[in-house]
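A.B. asks: what's the 3D shape of this:
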Amino acid sequence: MTGDAAPGSHEFRTVSSREIFDGHVVRLRVDTVSMPGGGTADREICGHDDAVAVVALDEQGRIALLRQYRHAVGERLWELPAGLCDVDGEEPLETARRELVEETGLEADHWRPLIEIVPSPGFSTERVHVYLATGIREVPRPEAEHEEADMEQSWLPVAEAVEMIFDGRMINGIAVSGILAAREALARP
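C.D. replies: Prediction:
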């Protein structure tokens, strides 16, 4: 780096931006960004709606988990109930309530924010709001379609879900973050 600027003090400015693709789930663009020491670099950005995930915990201390096929990685992954914040004007908490019903047929009486994460900050704008839901009860679930019609649902004790993280059976980053955050939150008075 040239100049007298201290590390961490450069102001990264977007000099130009061009849209490449605007799809149903993602938008792709290339931003030209000012770099430390002069010059610019192109950065490919995947614009993605924010999302929510829910750690639904029943009275027995078990977490509702889903196993869903994810085509991008060609695997069935263990995940938390989750979904996109893609309804205009809907707050993330309302999205979380809606997604929990749609994906699991569950409602919760008590909701609390756990964490907020950016799963892929190197290229994606997605921000995920993770909630802890308790006071769980079953309700009718809407008819599922596409990959959701093939989802497997299980209830696992928190300790077993954590074990799945550390032995490599659960690799979805949002689930890993949410479950570990829930374990920590539940351990605090």
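A.B. asks: Test of understanding: give the bridge partners of the spatially most central residue of the chain.
C.D. replies: Most central in the chain under Cα atoms, centre = their mean is residue 128, positioned 4.1 Å from the mean C-alpha point. Beta-bridge pairing of residue 128 under DSSP bridges involves residue 51, residue 117.
A.B. asks: Please apply the same query to the one 10 residues further on.
C.D. replies: Beta-bridge partners recorded for residue 138 (DSSP bridges): residue 106.
A.B. asks: I figured it was touching residue 106, is that so?
C.D. replies: Yes. Residue 138 is within contact range of residue 106, at 6.2 Å (criterion: Cβ atoms under 8 Å). Where you see a C-beta, it was placed from the backbone N, CA and C, and this is true even at glycine.
A.B. asks: The two - which one has more neighbours?
C.D. replies: residue 106 (20 against 10; other Cβ atoms under 10 Å).
A.B. asks: hang on, isn't the more buried one packed against residue 99?
C.D. replies: No. Using Cβ under 8 Å, residue 106 is not in contact with residue 99; the gap is 10.3 Å.
A.B. asks: Report the rounded mean pLDDT for the lengthiest helix in the chain.
C.D. replies: In the chain, assigned by DSSP state H, the helix with the most residues is helix 173-187. Average pLDDT, helix 173-187: 97.
A.B. asks: Who are the packing partners of that helix?
C.D. replies: strand 51-56, strand 62-70, strand 75-79, strand 106-117, strand 128-138, helix 158-166 (3 or more Cβ pairs under 8 Å, 6 or more residues apart in numbering; DSSP states H and E).
A.B. asks: buried set for that helix?
C.D. replies: For helix 173-187, a neighbour-count test (16 or more other Cβ atoms under 10 Å) marks 174, 175, 176, 177, 178, 179, 180, 181, 182, 183 as buried.
A.B. asks: Leaving out the residues flanking it, which one is nearest to the first one?
C.D. replies: Spatially, and ignoring its direct neighbours in sequence, residue 174 is nearest to residue 53 (4.9 Å; Cβ to Cβ, 6 or more residues apart in numbering).
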